[in-house]
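Asks: here is a sequence together with a model predicted from it:
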Amino acid sequence: MLRKILVVLVAVVVLFVIVVAARPSQFLVTRTANINAPDSAVFAQINDLHRWPSWSPWAKLDPNMKQSYDGAPAGTGASSSWAGNSKAGEGRMTIIESKPNEVVRMQLEFLKPFKATDTAEFILKPENNHTLVVWNMRGTNNFMFKAVGMFMNMDKMIGGDFERGLAQLKSIVETPPKATPN
């Protein structure tokens, strides 16, 4: 009887390993927003990491989060590091490509709560008097992430964050600056 239970248990484990190993090794999360502003105004917010705290969905997860900036003030070579609570985690993002009013691509290095290196990009497409913003994040699923993906979907985990971030970006870019009294 014990032998049969062990054989079944081993078979279940082997089947689980095979199913996990067959899962996709890449993931992609994409969200879009239509912003009623010129591409140059949207680009200015995305290309300068110093402006991210005003619209990033993760900036509000930890009011005591430590953030630092290195490299160029904006564009290619600009980087930002953060260290926060368990919700915000810890990591670094570096802009690796910046084409004015077209694309901002960055490398994301997550340290906590898990280690991962992914790529995020913002693609700007001007259409009449507004800008279509496409926010992508792509990365590789190692065996552990493939296993977790059986129960948790990456798109569902961070897709809502992308939607909130794009809504906040839209609000900031579409709101005219307040006039300064003379």
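Replies: Structure received.

Asks: what's the pLDDT at V42?
Replies: V42 is assigned a predicted lDDT (pLDDT) of 96.

Asks: just the strands in this protein please.
Replies: Taking DSSP state E, the strands of the chain run over residues 26-35, 66-70, 79-83, 90-99, 103-112, 116-127, 130-140.

Asks: now the angle from the first one to strand 116-127?
Replies: It stands for strand 26-35. Going by axes from the mean of the first three to the mean of the last three C-alpha atoms, to 10 degrees, strand 26-35 is angled at 30 degrees with respect to strand 116-127.

Asks: just the fourth one next, same as before
Replies: Here the directions of strand 90-99 and strand 116-127 differ by 40 degrees (the same axes, to 10 degrees).

Asks: thinking again about what came up before, export the strands of the chain as TSV, with columns for distance to L166 and mean neighbour count.
Replies: Quick note: C-beta positions are derived from backbone N, CA and C, even for glycine. Below are the strands of the chain laid out as TSV (distance: least, C-beta to C-beta, whole Å; neighbours: other C-beta atoms under 10 Å):
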stretch	distance to L166	mean neighbour count
strand 26-35	4	16
strand 66-70	21	13
strand 79-83	19	19
strand 90-99	17	18
strand 103-112	14	17
strand 116-127	10	16
strand 130-140	6	18
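
Asks: export the ones you listed as a markdown table, with columns for mean pLDDT.
Replies: Listed next are the strands of the chain as a markdown table, based on pLDDT from 0 to 100:
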| stretch | mean pLDDT |
| --- | --- |
| strand 26-35 | 90 |
| strand 66-70 | 94 |
| strand 79-83 | 95 |
| strand 90-99 | 96 |
| strand 103-112 | 95 |
| strand 116-127 | 93 |
| strand 130-140 | 91 |
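
Asks: can you lay out those strands as JSON lines showing distance to V173?
Replies: Listed next are the strands of the chain as JSON lines, based on distance: least, C-beta to C-beta, whole Å:
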{"stretch": "strand 26-35", "distance to V173": "6"}
{"stretch": "strand 66-70", "distance to V173": "21"}
{"stretch": "strand 79-83", "distance to V173": "20"}
{"stretch": "strand 90-99", "distance to V173": "18"}
{"stretch": "strand 103-112", "distance to V173": "14"}
{"stretch": "strand 116-127", "distance to V173": "11"}
{"stretch": "strand 130-140", "distance to V173": "8"}
